[in-house]
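Asker: show me how the following folds:
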Amino acid sequence: MLKAIFPTLARVRFVVQLAMLLLTVYGSVVVGHYAAEKITGALPALSCAYDQQNAAYCILIPTQHQIHHRIGEGIVRAQQVTFGVFVPLLMTMLTFFAFFFVVGKAFCGWVCPLGTLQEWIGKVGRRFNVGLRRFEPGDLGAPTRVRPVKWLLLLGLVFLLPLLTGLGITPHSLGNPYCDICPSRIATTLLTGNTEQLALRVDDNIGFGLGAVADMLIGFMLVGAMAIRQPFCRICPLLAFNAAFQRLSPMRLVKAKHEACDKCSICTESCPMDIPEISKEHGRKAYHEDCTLCGRCAEYCPQDGVIKLKWGPLALFSSSREYYKAKVKRELPDGTVKPIKFVKPASAATPAADA
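Answerer: Reported below is the predicted structural model:
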């Protein structure tokens, strides 16, 4: 029965993505605002705190707020640096690790609403034959060249500027700069019918600039996702945050060495992050920092048991030649959906033909 409902890993992930999109955008309608804040206040996915109907928000906003309002101001007022300063941040981080230990970086590939929206927009692009843009190693947008951006955003906008603001060095408008430019803030609030986050603040030059960047990023994401798979995920600071702790979770990608590797490169072609290491390396090196554990490389590997999604010693999914052959009949590794063929039934012989 379950196999009939969920014939492929991709189908299971689609159901999880849909459920988590509903939860992270509209969830507080079910569990209430208090429970939403207390239970899932540090979910490691871009679920926006500006969305007042969701049941979670990502760890980046409480991290910025705690650094800004607790650590920075606590250093200025040394007499107030007590357990009340660090405990909230500690609890935020412990909540994050509790979630992250169980699911790991799969939060990016299975739960994050912004990642889900980008992937679905990409499917629309493939359906309408929008040309897929793949970056070559020497291109400006090549994966190996844009990877430092997410770390710079994490260190600069999530950690450094909120700390400097708490110390009184930078203006109050820079207290949570990443959230002010995060496209998830606009995307998820728009899904609830709220257009306020699109508006630019004209009374604050810094706020105006951050809002303009946010509008530019959401425009880039909505348009770019039609031709570039997961464009914002490549520079997302939460991906960097998750990558810093990926070895602490038992959820991981495991790739065995095989003689056919680096010859077909189908796994890299199927990867929405265009990670070249997955086809060239094996072992720990194949599980790269950009990996979102979406599982597409395992789905499209034509060799039995070479790529596995594992939780500890348990293999949750393993590559299979039979699975690969069935998968490519419906969808190609790059996400192109094969067109539906309508076969005209053979018509009955006409009387004239019979004569």
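Asker: gap between Met20 and Trp110?
Answerer: Distance of Met20 to Trp110, given as C-beta to C-beta, to the nearest Å: 7 Å. For every residue, glycine as well, the C-beta is placed using N, CA and C.
Asker: show me where the stretch 1-150 of the chain dips below the pLDDT cut-off.
Answerer: Within the stretch 1-150 of the chain, the stretches falling below the threshold (pLDDT under 70) are 1-6, 34-44, 46-47, 49-57, 77-85, 137-141.
Asker: per-domain residue ranges of this structure.
Answerer: 2-240, 250-328 (automatic domain parsing).
Asker: and these as JSON lines, adding distance to Val337?
Answerer: Converted to JSON lines, these look like this (distance: least, C-beta to C-beta, whole Å):
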{"stretch": "domain 2-240", "distance to Val337": "6"}
{"stretch": "domain 250-328", "distance to Val337": "11"}
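Asker: nearest to Gly335, out of those?
Answerer: domain 2-240 (5.0 Å; C-beta to C-beta).
Asker: now do that closest one: distance to the chain's middle.
Answerer: 9 Å (C-alpha atoms, centre = their mean, to the nearest Å).
Asker: how many other residues sit next to Arg11?
Answerer: 11 (other C-beta atoms under 10 Å).
Asker: and for Leu22?
Answerer: 16.
Asker: tell me which element it is part of?
Answerer: Here Leu22, judged by DSSP states H and E, is contained in helix 9-26.
Asker: list the buried residues in that helix.
Answerer: Going by neighbour count (16 or more other C-beta atoms under 10 Å), the buried part of helix 9-26 is 9-10, 12-14, 17, 20-26.
Asker: same check, this time on stretch 187-204
Answerer: In stretch 187-204, counting by 16+ other C-beta under 10 Å, buried: 187-191, 197.
Asker: which pair in the residues you listed spans the largest distance?
Answerer: Leu191 and Gln197 (11.4 Å).
Asker: which one among the buried residues of stretch 187-204 gets closest to Lys255?
Answerer: Using C-beta to C-beta, these come closest to Lys255 at Ala187, 32.6 Å.
Asker: tell me which helix or strand comes right after whichever strand or helix holds that closest one.
Answerer: For Ala187, the element it lies in under DSSP H and E is helix 183-191. Per DSSP H and E, the first helix or strand lying C-terminal to helix 183-191 is helix 205-224.
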